[in-house]
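S.K.: My questions are about this predicted structure, shown below with the sequence.
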Amino acid sequence: MTYEEFADARLSALLRYAVMLTGDPHQAQDLVQETMVRVQLNWRRVARSDAPERYVRRMLTNQFIDWRRGSWARRVLLRGEPDEAVPAPSDHAQSAVDRDQVWSWLSRLPRRQRATLVLRYYEDLPDAEIAEILGCAVGTVRSCISRALATLRAEYVEVC
Amino acid sequence: MIEDDLRAAFARREELTPAVGPVRAAIDRAVVRRRRRRLRLRLAGTAMAVVAAALAGFTAIAPRPPETANLLATPSPTPAGALNVLLLGVDGPADRPYRLADSVLIVHVPADRSRLYLVSLPRDLVVSIPGHGRDKLNAAFLVGAGEPRPDLARGYTLTRQVVSDTTGVRIDAGAVLTYRATRELTDAVGGVSVCLPTTVRSHHTHRTYPAGCQRLDGAAAVDVLRQRFNMPDGALDRDRNAARYAAGLLHRIQEQEVLTNPLLLNRLITKVDSGVVTDTGELSLPALISATGKAAAAEPVAVGLPVRHGEAEELPYGFRLDPALAPGFLDALRADRLGEWAAAHPKQVTGLR
């Protein structure tokens, strides 16, 4: 497979994944761009791996988790507040606000937990594959998910 | 419950996904920028490889297996007239997606076979590359070889054309040497003695090579041939060291009588056949060896193509032919009068010992 074929087939899926991770289209674009530049520069190594797609997803996820090592500005930007880019239809305003609470709580989770939730509930990947992408044990994935869900549930209780 | 809310929240966000087209274009632009920056920072390594063998040896390392047998047969008629052999030292590990020819050397074999002339062309010389425009000489290899799987033979072919167009010299044969080929070649002849005018400290391995003559093994030879930092003339000094290495290699090859001993020659060929692309043009390999072998017996003369720095406002940045010296030099090269020219311009000659 060439880099071009890979990008044709997978770029839009990676962008969607990055949107879920960052919660912001601009940051998603930066994240994907930074990762794909490295993918292109090192394409041979990527292509040699058993599953290039998983390899790239792993690069992207690591990049996201490690992003705080980047500039201060980036770090601040990534503390996502509830998203304003998608205005809720006005007649369902209240319920939309409620639903969007999940999204804003999500952005407050540690990045690793958030990545786990995205892989589990957006990408619908089995635990084993999530473990491979995050480079940890299956048990760690499970405890990560349950801790993240517990945090979100606690928020629910507070609100209700 | 919460899981369902999560799925729903994710699904609602899908529409935020940016369009693929612009992102893809931005990635490609960033890759180009990143590669350029790497070119500047990366120590170019050059592999200068060498020269090497140039001559003599060089031809020896080139052949594909079927030609090996030929070496033992009666040599075909020896070409008369002057010959020019183009040697390209390319940089980089084997798995890198692009290659540059950072060492470019014409080995001129005069018609009288009295000695060899090693003519270094600076890699930063600005030239016209067909289908690409004005750029540095070392980029011709990159343009020809392509990415991400550089084809060394195509890189060589385009560089040969550019060298030929720029200098007006016909190239009769040539070879491309990678780091690995240079290392193996050096080790195959048991190390090469190189005389450095000043101490060289490796930017890559931090080894120090003192001024004076020393025997370098393959790894050390490649290391020295890559260095251009902390030298007054940078890449030009590196080219001079490449000429010194070539002279040492020639000397070594003569010393071991490789060229007149088919068994030794054969061993050298089989040892160093990877990473080398060669072109013997219309000449047979034995004919080429026979022509260069005679000339290689005398101490070679090394000269650099006379160049000047481009003015600040001249783009692209890089060397230009020296208007005072280059025309006379190229005339001498084409007319096979390099000996006279070198005698008249002793300052342009690189000290080899």
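M.R.: That came in fine, so what should we check first?

S.K.: and stretch A:145-160, which residues are buried?
M.R.: In terms of neighbour count (16 or more other C-beta atoms under 10 Å in any protein chain shown), stretch A:145-160 has its buried residues at A:145, A:148, A:149, A:152, A:155. (C-beta placed from N, C-alpha, C; glycine too.)

S.K.: Return the distance of the strand or helix carrying the second one from the chain's centre.
M.R.: To tie it back to what came earlier, the one meant is residue A:148. Take DSSP states H and E as the rule and residue A:148 turns out to sit in helix A:138-159. Helix A:138-159 has its average C-alpha position 16 Å from the chain's average C-alpha position, going by C-alpha atoms, centre = their mean, to the nearest Å.

S.K.: Show me which residues of chain A sit near chain B.
M.R.: Taking C-beta under 8 Å from any C-beta of the partner chain as the criterion, the neighbours of chain B within chain A are A:3, A:7, A:11-12, A:15-16, A:19-20, A:23-26, A:28-29, A:32-33, A:36-37, A:40-41, A:43-45, A:83, A:85-86, A:99-100, A:102-103, A:106, A:117-118, A:121-122, A:149, A:152-153, A:156.

S.K.: State the three-state secondary structure for the closest residue to chain A within the stretch 1-150 of chain B.
M.R.: Checking the stretch 1-150 of chain B residue by residue against chain A with C-beta to the nearest C-beta singles out residue B:10 as nearest, at 4.1 Å. At residue B:10 the chain is in helix, as set by DSSP: H, G, I helix; E, B strand; the rest coil.

S.K.: Touching, it and residue A:23? I think so.
M.R.: No: applying C-beta atoms under 8 Å as the test, residue B:10 and residue A:23 come out as separate, 10.1 Å apart.

S.K.: Mind checking which of those two has more residues around it?
M.R.: Comparing residue B:10 with residue A:23 by neighbour count (other C-beta atoms under 10 Å in any protein chain shown), the higher total belongs to residue A:23, at 24 against 20.

S.K.: for that one, phi and psi?
M.R.: phi 80, psi 10 (degrees, to the nearest 10).

S.K.: so it sits right up against residue A:107, yeah?
M.R.: Yes: look at residue A:23 against residue A:107 with C-beta under 8 Å: they come within range, at 5.3 Å.

S.K.: Can I get the buried residues of stretch A:145-160 in JSON lines including distance to residue B:170 and pLDDT?
M.R.: As requested, the buried residues of stretch A:145-160 are exported to JSON lines (distance: C-beta to C-beta, whole Å; pLDDT from 0 to 100):
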{"residue": "A:145", "distance to residue B:170": "71", "pLDDT": "92"}
{"residue": "A:148", "distance to residue B:170": "72", "pLDDT": "91"}
{"residue": "A:149", "distance to residue B:170": "76", "pLDDT": "91"}
{"residue": "A:152", "distance to residue B:170": "76", "pLDDT": "86"}
{"residue": "A:155", "distance to residue B:170": "79", "pLDDT": "80"}
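
S.K.: quick one, domains of chain A?
M.R.: A:1-76, A:94-159 (the TED database).

S.K.: so who does residue A:47 touch?
M.R.: A:1, A:3, A:6 (C-beta atoms under 8 Å, 6 or more residues apart in numbering or on different chains).

S.K.: TSV for those, including neighbour count, pLDDT and secondary structure?
M.R.: Formatted as TSV, those follow (neighbours: other C-beta atoms under 10 Å in any protein chain shown; pLDDT from 0 to 100; DSSP: H, G, I helix; E, B strand; the rest coil):
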residue	neighbour count	pLDDT	secondary structure
A:1	11	83	coil
A:3	23	90	helix
A:6	20	91	helix
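
S.K.: so where is chain A shaky, pLDDT-wise?
M.R.: For chain A, the stretches with pLDDT under 70 are A:68-99, A:158-160.

S.K.: got the contact list for the residue lying closest to residue B:183 once chain neighbours are set aside?
M.R.: Once flanking residues are discounted, residue B:183 sits nearest to residue B:218: 3.5 Å by C-beta to C-beta, 6 or more residues apart in numbering or on different chains. By C-beta under 8 Å, 6+ apart, the contact set of residue B:218 is B:182, B:183, B:184, B:185, B:186, B:187, B:191.

S.K.: any idea how far residue B:218 is from residue A:31?
M.R.: The gap separating residue B:218 from residue A:31 is 44 Å, by C-beta to C-beta, to the nearest Å.

S.K.: go on, residue A:50?
M.R.: Distance of residue A:50 to residue A:31, computed by C-beta to C-beta: 24 Å.

S.K.: same check, this time on residue B:313
M.R.: 40 Å.

S.K.: Same drill for these two, tell me which one is more crowded.
M.R.: Taking other C-beta under 10 Å, residue B:313 and residue A:31 do not tie; residue A:31 has more neighbours (24 against 5).

S.K.: How about the contacts made by the more buried one?
M.R.: Shown in contact with residue A:31 (C-beta under 8 Å, 6+ apart): A:18, A:21, A:22, A:60, A:63, A:64, A:67.

S.K.: What count of nearby residues applies to the second one?
M.R.: Burial of residue A:21, expressed as a neighbour count using other C-beta under 10 Å, amounts to 26.

S.K.: list the buried ones in stretch B:183-190?
M.R.: Applying 16+ other C-beta under 10 Å to stretch B:183-190 flags B:183, B:184, B:185, B:186, B:187, B:188, B:189 as buried.

S.K.: So which bits of chain B are right by chain A?
M.R.: On the criterion C-beta under 8 Å from any C-beta, chain A has as its neighbours in chain B the residues B:2-3, B:5-10, B:12-18, B:20, B:23-24, B:26-28, B:30-31, B:34-35, B:95, B:97, B:148.

S.K.: For chain B, what's the nearest residue on chain A?
M.R.: Closest residue of chain A to chain B, C-beta to the nearest C-beta: residue A:122 (4.1 Å).

S.K.: Where does the prediction get shaky in the stretch 1-150 of chain B?
M.R.: In the stretch 1-150 of chain B (pLDDT under 70), the answer is B:37-79, B:93-95.
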